[in-house]
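**Student:** structure here, sequence nowhere to be found:
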Ligand SMILES: Cc1cc2nc3c(=O)[nH]c(=O)nc-3n(C[C@H](O)[C@H](O)[C@H](O)COP(=O)(O)OP(=O)(O)OC[C@H]3O[C@@H](n4cnc5c(N)ncnc54)[C@H](O)[C@@H]3O)c2cc1C
């Protein structure tokens with residue numbers, strides 16, 4: 001897909017930030033894999049998001065919001081539409097209220113979808129808010145973490161999120177209560193809207209604690225992560241979801257697949273559930289490797305592994 005001059009002009013007139021064309025998405029993802037996006041547009045405020053969603057609908061263009069690209073495998077053909085990237089307004093965080101009740105003093109934190117989990121974790125430890133320590137070391141954005149229900153060390157976003165602000169073509173709306181039906185590495189209610197709406201803000205209920213206690217727990221979890229995940233090649237963390245009561249890594253390892261390589265895509269020797277790019281892997285190599293791993297694990301152990309990583313572009317969105 002190529003934008004003609006008239007379309008580029010219309011797009012630029014509707015948005016505040018400059019739009020970029022034919023941008024290699026390998027530079028935007030932790031896998032360092034992926035062909036070009038037809039366009040990347042930074043949304044500077046909520047009005048931009050609404051305008052851009054309407055533009056895509058009128059022009060019949062696919063779109064996708066990118067957070068930190070740490071859970072995405074982009075096709076070699078790239079993405080034939082507009083990638084939304086968040087501007088600074090979506091990177092803010094602030095405490096709304098403090099309240100005291102059962103379980104200690106609560107702190108309600110509101111933050112934009114574009115803030116990195118690293119900054120969010122620092123903000124919480126500086127302000128003595130406990131509950132998000134488990135995100136320390138996860139290299140994503142808050143929006144990506146909510147959509148994926150990211151989790152680690154027994155914690156997950158489901159445990160802290162109390163309200164989510166979304167935007168569709170019609171405007172702003174909120175998800176709360178039973179709509180927050182998070183499941184393992186997914187948010188089913190949102191999946192019903194994933195082609196219509198994006199997450200722009202998140203409210204989280206945390207517990208007041210001494211800042212040094214929160215900081216110490218974050219440090220501890222980062223150290224544990226370094227010990228458990230000594231993988232330096234580009235990847236997206238765990239490639240497959242853990243099947244119920246099983247570890248995907250252990251299943252893959254027990255089939256002797258560590259080190260299996262297709263082109264430059266490899267099952268990491270250090271961690272069998274990490275599929276990594278050891279040089280210049282293509283998305284096709286990575287997908288072939290994924291399928292071989294799935295087939296072998298199913299043939300030997302009868303377990304179907306499902307990818308946790310989102311595959312984007314090339315007509316193969318998962
Ligand atoms: C080294 C490494 C370690 C990791 N460890 C963990 C871990 O311990 N636990 C864990 O759960 N994950 C882990 N991950 C995976 C990843 O970091 C998380 O899933 C993270 O939450 C993804 O956030 P992101 O901003 O990078 O999302 P992206 O990769 O940018 O996007 C992922 C999906 O979410 C959608 N999306 C992102 N933001 C929005 C939004 N605002 N609105 C609508 N849709 C949106 C995208 O369109 C895409 O479908 C790891 C990854 C790496 C590379």
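**Tutor:** Nice, I can see it. Bear in mind that the values here come from a model prediction, so they are computed numbers and not experimental data.
**Student:** which residues of the stretch 201-318 of the chain lie near the ligand?
**Tutor:** 235-237, 310 (C-beta under 6 Å from any ligand atom). From N, CA and C alone the C-beta is placed, and that goes for glycine too.
**Student:** between these, which has the most around it?
**Tutor:** residue 235 (28 neighbours; other C-beta atoms under 10 Å).
**Student:** so it makes contact with residue 273?
**Tutor:** No - when contacts are counted by C-beta atoms under 8 Å, residue 235 is not listed as touching residue 273 (9.8 Å).
**Student:** need the strands for the stretch 51-200 of the chain, in chain order.
**Tutor:** 63-66, 72-74, 79-86, 93-101, 104-112, 129-130, 151-152, 155-156, 161-168, 171-176, 198-208 (DSSP state E, counting those that start in this stretch).
**Student:** weakest of these by average pLDDT?
**Tutor:** Lowest mean pLDDT within the strands of the stretch 51-200 of the chain: strand 93-101, a mean of 80.
**Student:** give me the residue from the stretch 151-300 of the chain nearest the ligand.
**Tutor:** Nearest residue of the stretch 151-300 of the chain to the ligand, counting by C-beta to the nearest ligand atom: residue 237, 2.5 Å away.
**Student:** which SS class is that residue?
**Tutor:** Secondary structure, DSSP: H, G, I helix; E, B strand; the rest coil: residue 237 is coil.
**Student:** which SS class is the residue lying closest to residue 304 once chain neighbours are set aside?
**Tutor:** Counting by C-beta to C-beta, 6 or more residues apart in numbering, the nearest residue to residue 304 once its immediate chain neighbours are dropped is residue 298, at 5.6 Å. Classification of residue 298 using three-state DSSP returns helix.
**Student:** contacting residues around the spatially closest residue to residue 79 that is not a sequence neighbour?
**Tutor:** Spatially, and ignoring its direct neighbours in sequence, residue 79 is nearest to residue 313 (4.1 Å; C-beta to C-beta, 6+ apart). Contacts of residue 313 were listed using C-beta atoms under 8 Å, 6 or more residues apart in numbering, and they are 25, 34-35, 74-75, 77-80.
**Student:** how near is residue 313 to residue 279?
**Tutor:** 21 Å (C-beta to C-beta, to the nearest Å).
**Student:** how is the protein carved up into domains?
**Tutor:** The domain map for the chain lists 5-89, 92-228, 248-312, with the assignment taken from automatic domain parsing.
**Student:** mind listing the strands for the stretch 201-318 of the chain?
**Tutor:** Using DSSP E, counting those that start in this stretch, the strands of the stretch 201-318 of the chain run over residues 261-262, 265-267, 275-277, 310-312.
**Student:** using a markdown table, lay out the ones you listed together with mean pLDDT.
**Tutor:** Formatted as a markdown table, the strands of the stretch 201-318 of the chain follow (pLDDT from 0 to 100):
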| stretch | mean pLDDT |
| --- | --- |
| strand 261-262 | 98 |
| strand 265-267 | 98 |
| strand 275-277 | 97 |
| strand 310-312 | 95 |
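**Student:** just those strands: most buried one?
**Tutor:** strand 275-277 (a mean of 27; mean count of other C-beta atoms under 10 Å).
**Student:** quick check: can you name the pairing partners of it and their directions?
**Tutor:** Partner strands for strand 275-277, per DSSP bridges, with pairing direction: strand 265-267 (antiparallel).
**Student:** can you tell me what sits against the strand it pairs with?
**Tutor:** For strand 265-267, using C-beta under 8 Å, 6+ apart, the contacting residues are 233, 252, 257-261, 274-278, 281-282, 285-286, 288-289, 293.
**Student:** just stretch 136-143 next, same as before
**Tutor:** 30, 65, 67-68, 70-71, 86, 90, 111-118, 120-121, 145, 148, 150, 152, 198-200, 202, 218-219, 221-222, 225-226, 237.
**Student:** rerun at 6 Å
**Tutor:** With C-beta atoms under 6 Å, 6 or more residues apart in numbering as the test, stretch 136-143 has contacts from 67-68, 70, 111, 113-117, 120-121, 150, 199, 202, 218, 221-222, 225.
**Student:** now list the buried members of these.
**Tutor:** Among the contacts of stretch 136-143, those classed as buried by 16 or more other C-beta atoms under 10 Å are 67-68, 70, 111, 113-117, 120-121, 150, 199, 202, 218, 221, 225.
**Student:** least trustworthy helix or strand in this structure by mean pLDDT?
**Tutor:** The helix or strand of the chain with the lowest confidence, counting by mean pLDDT, DSSP states H and E, is strand 93-101 at a mean of 80.
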